[in-house]
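>>> Have a look; sequence and predicted model below, questions after that.
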Amino acid sequence: MSIHPTAIIDPKAHVHPSCKVGPYCVIGPDVELGEGCHLVSHVAIEGPTKIGADNGFFPFCSIGMAPQDLSYAGEPTRLEIGDHNEIREFVTINRGTVKGGGLTRVGNHTLVMAYTHIAHDCAIGDHVILANAATLGGHVTVEDWVTVGALCPVHHFVRIGAYSFVGGGTTITRDVLPFSKTAAARDTHAYGLNAVGLERRGFSKKRIRKLHHAYKLLLASKLNTTQALEKLKAEPDRGEDVDMLIRFIEASERGVIK
C-alpha cells in the first residue's frame, strides 16, 4: 500500500492494499476503499462510506461528510460510490438522512467536476457528467448518461432523466425530460431532443426518429401534456424509448420542464 507519511487513516477504515493515499489525506472510521483508488492529496473521507474500485479523488474534496440538514442528529447514515469515478477538486458529497432513506449513492464511470455539490439522499446513475459548480439539493435523482452543465442549481426532489443535457447556468426546479436539451435563456425550457448526444451513445436513426416524433407532440403541438401522452400511447410502434419517456412524465411529482 502506498500511503504518504502525512496521511491519517483511522484503524477502523478498510483500505485495499492497491490504493494510493497522498499527502495530508484523512480517512475516518467506517470507510471502505476498494481496489486501485487514488487520493491525490488533502482528501477528507468520513464514514460510513463504501467506495468501489479505481476511483480518483483530487485535492480538497470532502466525501461522506454529515448532511447539511437541520434535522440530522448524528445518525449513522451512508454514502456509497461505485467504480471508475473521477471526483475533482473541492467537490462535496454528503451522506444521507434518516428521513430520506439514509443513503446517498453515486454510480459508475461518473465525472464530478470541481466545486460540485451532491447533497444528502441523492442518487446519481452511471456515465454522468456534473460540470463545475453544479449544485444538487437533497433527494435529487440523476439518471444514466446525463450531462449537467456548470453553475446549475438543482432543486430538492427533482429528477433529471436519462440521456438529457442541461445547459450551463440553468436553474432546475422541475423534472428534466429524458433525452432532452434543457437550458435557460430568459426562462428555463426544453429545447427539443438531445439528438447529437444520442448519436454519440449509439442510438440508431430509427430510435432517434421515433423520439423526435414524441417530442414534437409534447413540445411543438397544440396538445397539452395529457393529450400528447394519450396519443403516444395509442401508437403501437412507438418503441421502448418513448415508453420510458411516458413513464417518466407520468411518475413526475413536481411536473416536467417543457
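Happy to help now that I have it.

>>> Name the residue closest to the centre of this protein, please.
Residue closest to the average C-alpha location in the chain (C-alpha atoms, centre = their mean): Ile124, at 3.3 Å.

>>> residues in contact with it?
Listed by C-beta atoms under 8 Å, 6 or more residues apart in numbering, the contact partners of Ile124 are 105-107, 110, 118, 130, 142. Bear in mind the C-beta positions are built from the backbone N, C-alpha and C, glycine included.

>>> do the same with Leu151
With C-beta under 8 Å, 6+ apart as the criterion, the residues that contact Leu151 are 132-134, 168-169.

>>> sec struct for Phe248, please.
Assigned with DSSP: H, G, I helix; E, B strand; the rest coil, Phe248 falls in the helix class.

>>> and of the contacts of Leu151, the nearest to Met1?
Set against Met1, the nearest of those by C-beta to C-beta is Asn132 (31.9 Å).

>>> what about that closest one, how many neighbours?
Around Asn132 there are 18 other residues, counting by other C-beta atoms under 10 Å.

>>> Report the next helix or strand after the helix or strand of the chain with the lowest mean pLDDT in sequence order.
Ranked by mean pLDDT, DSSP states H and E, the weakest helix or strand in the chain is strand 188-193, scoring a mean of 85. Using DSSP states H and E, the helix or strand that follows strand 188-193 towards the C-terminus is helix 195-200.

>>> Whichever helix or strand comes after that next one: how far from the chain's middle?
Per DSSP H and E, helix 195-200 leads on to helix 205-215 as the next helix or strand towards the C-terminus. Counting by C-alpha atoms, centre = their mean, to the nearest Å, helix 205-215 is centred 25 Å from the centre of its parent chain.
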